[in-house]
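Colleague: sequence and predicted structure are below.
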Number of protein chains: 2
Amino acid sequence: MSIYDVRISRIREWMKERSVEVVLVTSPPNVFYLTGFDCHPHERFMALCLTADGGAALFVPTLEKEEAEKSGFPHIVTVSDTDDPMAKVREVVGDGPFGQLAVEKQHLTVARYEQLQTVFGTNPSVAAEDLLLGMRLQKDEAEVAIMKKAAEIADRSVEAAVRAIAVGKTEAEIVAVIESTMKSLGASGPSFSTIVLAGDRSALPHGTPGNRKIQAGDFVLLDLGAVYEGYCSDITRTVVVGEPSDEQVLIYEAVLAANLAGIAATKAGLPAKVVDAAARQTIEGFGYGEYFTHRVGHGLGIEIHEFPSMHGNNEAQLVTGMVFTIEPGIYVPGLGGVRIEDDVLVTADGVEVLTSYPKELQILPAE
Amino acid sequence: MSIYDVRISRIREWMKERSVEVVLVTSPPNVFYLTGFDCHPHERFMALCLTADGGAALFVPTLEKEEAEKSGFPHIVTVSDTDDPMAKVREVVGDGPFGQLAVEKQHLTVARYEQLQTVFGTNPSVAAEDLLLGMRLQKDEAEVAIMKKAAEIADRSVEAAVRAIAVGKTEAEIVAVIESTMKSLGASGPSFSTIVLAGDRSALPHGTPGNRKIQAGDFVLLDLGAVYEGYCSDITRTVVVGEPSDEQVLIYEAVLAANLAGIAATKAGLPAKVVDAAARQTIEGFGYGEYFTHRVGHGLGIEIHEFPSMHGNNEAQLVTGMVFTIEPGIYVPGLGGVRIEDDVLVTADGVEVLTSYPKELQILPAE
């Protein structure tokens, strides 16, 4: 039984328990999780359809047929650009009447849902994601092994970036070094648009790298991740170029202490919110509470942002197998920002930090 | 009056005509089109909300506040990770009762829609995208100028890639050359995951580049695009390494003839389907009809795939200002594939081809 068979059989159990007759899985990450088929069909229709009688069909755009067949999924139905996708679904599923339907309410659009209702009737539907995202919350051994490799690629890409940083180089040049390093190490690409921000621009938590040249006295913030075999890593390190000011050192030490406090607070059985609280209280203790403007982290896996959301109100319990980021930051407009981010795995013993690039303040030469 | 004011005033006219009281624009491309704020908030809530009384508010994640303010939009409301986004919307819009609501049905998820209905009631809603995507169909002068620059960056990235192609290099190495060239030319990034496929892998219309090394006799297919100031380009060229076989030459000539036939058929006032038909009939004439497995092209702009869809059933009229790709291809499993793609603009006189990298078969040295 493949890992995909195991996962699909768990959905079939849930269908029985909840009297669901048809499940339509439409988000690329969940289709990948259940079939191994890694495809982003843009606006085209893609869906895994499971029916109560044991049927399973994977609907893919015609031009993805060969790639879909490589996944080994037994029943693939192609949908061409001129087909009506819902007519194809009706052909495979039959005419009904149908009872309860499960769809991904956080992915399916209102427009597709209205089309679906013309095929399946306007019966009440349930959200399939509670189950799917719940399953994906706990990474199995195979997933953890892949994610460790993705984290290692991120570590080595930071290393290459730090070697490349020099006064006069642009943010965009450092991005190019990072992304080519990742690919040379086997990543299929970055897990999000790589961030390199220098000087006061490092105070923009999600700024876009440009032609700003690195100068003496700059913080240089590197936030990057790699996709490896369909799984994401995500790391942030911040270095300083030339002798730092006292305030730069203080901010850095506050963020590092918060990162370590968050890691130390991570423990199966505790509510997720304790991680944010531990990091936040540390930064507040340094007097920079108002400059830590985002949650401490986010779940990580097939998607760069998935559950658990590591915010200060999340009462959900941490459980073994969860992987998430811990990434406190302080952003002082005009001065700059520091963020230090690791990917961590909740284990039976406590926590394993998957990213391992050193975190002590690195002062790079300014000449 | 800024270009954004002009666009929003057109929506306000539509609201009056259709008796729409609240419009909620949630897709990042449409928010960018209407405000200039270019943001991909992942799972976080972002929306431009327009009300019948003239109100306009841009809801953004807290950590995007500084970037959002740079757009100059007058009323920005931040939504933190612990806020309820719909409660924020209710605060700004007031308590109602509300009549007709317009949402982006092709973007808004069923889950958000259900949440919205708790705020606005379960009144019938209309699709805002018919208007928005219709507006975006015809690029104005400012948009065309940006798209020409995006196309030029794509041309020059192909040029860099062709120079870098050599026996023994991997697909991934060529991708790195392309993406760093783009960024050095001012692109914010690739408009989609860059495709470089060698040998029989070139027969995969959307394959993922890997560590396959380029060999003598390979087709090398390059499909890439750049994002420049928020707008996409998209180009495909295919070269051959070493002396091509007769069949390789025949396939290439068929695709080139189809590309030129598609361009020649493009004319304002004709139905969009004529472009697909012209390219397809050409390839059929060469006897390769069954190997051209996708539509001839797609609209291009803020998104890499937008309207018009250039498929063989699209009866919609071509109008001046439309920009789309013309990208016929022939994919022979085991042998390889060729695709030649240009970005074209429908003009009053006929058509202007925005991409200009040469299209004659290039035979690169195999030693």
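Modeller: Cool, the structure landed. Numbering: from 1, shown residues only, chains lettered A, B, ... in the order given.
Colleague: buried ones in stretch A:253-267, by neighbour count?
Modeller: A:254-263, A:265-266 (16 or more other C-beta atoms under 10 Å in any protein chain shown). C-betas here are computed from N, CA, C, even on glycine.
Colleague: get me the contact residues on the stretch 51-200 of chain A for chain B.
Modeller: Residues of the stretch 51-200 of chain A lying near chain B by C-beta under 8 Å from any C-beta of the partner chain: A:62-67, A:81-82, A:103, A:105-114, A:125, A:127, A:172-173, A:175-176, A:179-180, A:183-184, A:186, A:188-189, A:193.
Colleague: make a PyMOL selection of the buried ones in these.
Modeller: Applying 16+ other C-beta under 10 Å to those, the buried members can be selected in PyMOL as follows:
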select buried, chain A and resi 62+63+64+67+81+103+105+106+107+108+109+110+111+112+113+125+127+172+173+175+176+179+180+183+184+186+188+189+193
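Colleague: just the ones of the residues of the stretch 51-200 of chain A next to chain B in helices?
Modeller: Among these, the residues falling in helices (DSSP state H) are A:65-67, A:110-114, A:172-173, A:175-176, A:179-180, A:183-184.
Colleague: show me which pair in these is furthest apart.
Modeller: A:E114 and A:E173 (47.7 Å; C-beta to C-beta).
Colleague: number of residues surrounding A:D155?
Modeller: Other residues lying near A:D155 total 18 when counted by other C-beta atoms under 10 Å in any protein chain shown.
Colleague: buried stuff in the helix or strand where it lies?
Modeller: Secondary-structure element containing A:D155, defined by DSSP states H and E: helix A:141-164. When burial is assessed from 16+ other C-beta under 10 Å, helix A:141-164 yields the following buried residues: A:143-144, A:146-158, A:160-162.
Colleague: Throw the buried residues of stretch A:253-267 into TSV and include secondary structure, thanks.
Modeller: Formatted as TSV, these follow (DSSP: H, G, I helix; E, B strand; the rest coil):
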residue	secondary structure
A:A254	helix
A:V255	helix
A:L256	helix
A:A257	helix
A:A258	helix
A:N259	helix
A:L260	helix
A:A261	helix
A:G262	helix
A:I263	helix
A:A265	helix
A:T266	coil
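Colleague: what kind of secondary structure is A:D343 in?
Modeller: Secondary structure, three-state DSSP: A:D343 is strand.
Colleague: and it, how far from A:K148?
Modeller: Separation of A:D343 from A:K148 (C-beta to C-beta, to the nearest Å) stands at 9 Å.
Colleague: joint contacts of those two?
Modeller: Common contacts of A:D343 and A:K148 (C-beta atoms under 8 Å, 6 or more residues apart in numbering or on different chains): A:L354.
Colleague: nearest residue to the middle of chain A?
Modeller: A:I304 (1.4 Å; C-alpha atoms, centre = their mean).
Colleague: remind me which helix or strand it belongs to.
Modeller: Counting by DSSP H and E, no helix or strand carries A:I304.
Colleague: any idea how far A:Y4 lies from chain B?
Modeller: 19 Å (C-beta to the nearest C-beta, to the nearest Å).
Colleague: count the residues that sit near that residue.
Modeller: Other residues lying near A:Y4 total 17 when counted by other C-beta under 10 Å.
Colleague: same deal with A:C39?
Modeller: By other C-beta under 10 Å, the residues close to A:C39 number 20.
Colleague: does chain B have contacts with stretch A:337-350?
Modeller: No. Judged by C-beta under 8 Å from any C-beta, stretch A:337-350 and chain B are separated, with a smallest distance of 10.8 Å.
Colleague: the closest residue in space to A:V296 that isn't next to it in sequence: what's it in contact with?
Modeller: Of all residues not flanking A:V296 in the chain, A:D276 sits nearest, at 4.1 Å (C-beta to C-beta, 6 or more residues apart in numbering or on different chains). Contact analysis of A:D276 by C-beta under 8 Å, 6+ apart lists A:262, A:295-297, A:310-312, A:314.
Colleague: double-check that A:D276 belongs to a strand.
Modeller: No. With three-state DSSP as the criterion, A:D276 is located in helix rather than a strand.
Colleague: which residues of chain A fall in helices?
Modeller: According to DSSP H, the helices that chain A contains are A:3-18, A:28-35, A:65-70, A:85-93, A:110-120, A:129-137, A:141-164, A:171-184, A:246-265, A:273-285.
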